[in-house]
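Visitor: here is the input, now give the coordinates:
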Amino acid sequence: MRGEVPGLDSPHPLATGLPPAFFGSRFTGEFVAAFDDVLAPVFATLDHLDAYFDPRYAPEDFLRWLRWFVGFVL
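Guide: Residues are numbered from 1 along each chain as shown. I've put the predicted structure just below:
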């Protein structure tokens, strides 16, 4: 099960894409930071997607799911 990874910074913070009118708002900054916390593992996975298809580096739970999805039996 994938989820939030404590301490993982987003390589693409959403606050950088906000219009300048929202830069001074504390509420908006904290609200958007919550999305950064949730999306950081997604970006990390996509940035290293090739490693998921190499059985030497892929997480064990992903390999189990891939074997089930493809229908491969050991």
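Visitor: other residues contacting the helix or strand of the chain with the lowest mean pLDDT?
Guide: Within the chain, no helix or strand scores below helix 49-52, which has a mean of 83 by mean pLDDT, DSSP states H and E. With contact meaning C-beta atoms under 8 Å, 6 or more residues apart in numbering, helix 49-52 is reached by Thr45, Tyr57, Ala58, Pro59, Phe62. No exception for glycine: its C-beta is placed from N, CA and C like everyone else's.
Visitor: check which helices and strands whichever strand or helix holds the first one is in contact with.
Guide: Take DSSP states H and E as the rule and Thr45 turns out to sit in helix 26-47. Taking 3 or more C-beta pairs under 8 Å, 6 or more residues apart in numbering; DSSP states H and E as the contact definition, helix 26-47 has no neighbouring helices or strands.
Visitor: give me the neighbour count for Arg26.
Guide: Counted with other C-beta atoms under 10 Å, residues neighbouring Arg26 total 7.
Visitor: ok, the one 4 residues further on next?
Guide: Counted by other C-beta under 10 Å, the residues lying close to Glu30 total 10.
Visitor: again, but for Ala40
Guide: By the criterion of other C-beta under 10 Å, Ala40 has 19 neighbours.
Visitor: and if you look at the one 5 residues further on?
Guide: By other C-beta under 10 Å, 14 other residues sit near Thr45.
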